[in-house]
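1. Sharing a model prediction with you, sequence too.
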Amino acid sequence: MYAKFTDSPSPDSETVTQGSVELENRNPDPPTQASTTAKEQAKPPICGSVFRITTTAFLICLVVLLAFTIANLYLVLNARSVSYLENSLSRISKTSKAKLIGRCPVFYQGSCYFVHWRDNTVFNEGAKICKSNGGLPANIYSKLHFISIKALLKRTHVGQGNSVWTGMTFNATSGRAFYANRTEVHFDFVWYRHGYPIDNPSKDQLSLRHHFDTKYDGFINSGPEKLFGGVLCEIGDRD
């Protein structure tokens, strides 16, 4: 008879095996440096992203605040400059202002005189034009003043039959001329050619007629509704 043998592990080998298994379970191998680095890289960089976002927002707010401050400073300085200019202009005389803006081609006895040419102008329109420029329809105060105004008319509008309104009036009944403030004119009055003054009480407004040949320049009297070529304006501190 043959004896039958079974390949069963010996108790000692099983114990060793089990012991090895238990030992492996109790003491796993430590992770390598490569695996640790990979895990750290796999984590999302939350803290870094938050820091960058916060820094960017802070810089944007700082730029906006700086721009707002500069804009306010500019507005304050500009307002002060305008106010200073207005205060300075308010302290100077009307004639000085007229000289600054080119409204004083003729200066006589403290007043500036200029002509505003505009076709088909009645007296009231002429008065509004002078007022919009800081003046009034002009008076002519002397023979010398009359000569300087004639030269101005010739320089600014060469032609024949051009008339400009003045602020003076004429009383056909008494034959006397008056300034705008109703005081009487006393200098040697020069009328335009023959036929003037017109003996008609309604023709009481005086204008200065400019002729191509200046020896004919002089005053004419007409109604305020007459259409003329412009107005002679006066800017003075006594206005």
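-> Everything's here; your move. For clarity, every value in this text was computed on a predicted model and none was experimentally measured. Numbering: from 1, shown residues only.
2. Can you list the residue ranges for strands in this structure?
-> Under the criterion DSSP state E, the chain contains strands at 106-108, 111-121, 136-137, 162-171, 176-178, 205-210, 218-222, 228-236.
3. So this structure: which segments form each domain?
-> 49-91, 97-236 (automatic domain parsing).
4. Show me the shaky parts of this structure.
-> Within the chain, the stretches with pLDDT under 70 are 1-48, 50-51, 79-91, 158-161, 238-239.
5. Which parts of it are helices?
-> Here the chain has its helices, by DSSP state H, at 11-26, 33-42, 46-91, 94-100, 123-132, 143-156.
6. re earlier: hey, which of the domains of the chain is tucked in deepest?
-> The highest mean neighbour count among the domains of the chain, using mean count of other CB atoms under 10 Å, belongs to domain 97-236: a mean of 17. For the C-beta atoms, the positions are set from N, CA and C on the backbone; glycine is no exception.
7. And that one, end to end?
-> 10 Å (CA to CA, to the nearest Å).
8. Determine how far it lies from the middle of the whole chain.
-> Computed by CA atoms, centre = their mean, to the nearest Å, the chain-centroid distance of domain 97-236 equals 35 Å.
9. Repeat that for stretch 68-79.
-> 16 Å.
10. Dig out what the nearest residue to residue 148 once chain neighbours are set aside forms beta bridges with.
-> Spatial nearest neighbour of residue 148, excluding adjacent residues (CB to CB, 6 or more residues apart in numbering): residue 106 at 5.3 Å. On the basis of DSSP bridges, residue 106 is bridged to residue 113.
11. residues contacting residue 106?
-> 112, 113, 114, 148, 149, 152 (CB atoms under 8 Å, 6 or more residues apart in numbering).
12. Next: residue 95.
-> Neighbours of residue 95 in contact, by CB under 8 Å, 6+ apart: 104, 107, 110, 111, 112, 235, 236, 237.
13. Could you do residue 230 as well?
-> 115, 116, 117, 118, 119, 121, 126, 157, 162, 164, 165.
14. Go through the strands of the chain and name the closest to residue 66.
-> strand 228-236 (48.1 Å; CB to CB).
15. quick check: angle from that closest one to strand 218-222?
-> Calculated by axes from the mean of the first three to the mean of the last three CA atoms, to 10 degrees, strand 228-236 forms an angle of 110 degrees with strand 218-222.
16. Residue 149 and residue 171: what is the separation?
-> Residue 149 is 22 Å from residue 171, where distance means CB to CB, to the nearest Å.
17. Check residue 145 too.
-> 21 Å.
18. now do residue 109
-> 25 Å.
19. returning to that earlier point: which one of the contacts of residue 106 sits closest to residue 73?
-> Of the contacts of residue 106, the one sitting nearest to residue 73 (CB to CB) turns out to be residue 112, at 39.7 Å.
20. what's the distance between the closest one and residue 213?
-> 28 Å.
21. And residue 178, by the same measure?
-> Taken as CB to CB, the span from residue 178 to residue 213 is 29 Å.
22. Repeat that for residue 148.
-> 18 Å.
23. same question, residue 94
-> 35 Å.
24. same deal with residue 135?
-> Distance from residue 135 to residue 213, by CB to CB: 29 Å.
25. ditto for residue 74
-> 59 Å.
26. Residue 193 now?
-> 10 Å.
27. repeat for residue 126
-> 25 Å.
28. go on, residue 198?
-> 22 Å.
29. likewise residue 167?
-> Counting by CB to CB, the gap from residue 167 to residue 213 is 26 Å.
30. Could you do residue 114 as well?
-> Taken as CB to CB, the span from residue 114 to residue 213 is 24 Å.
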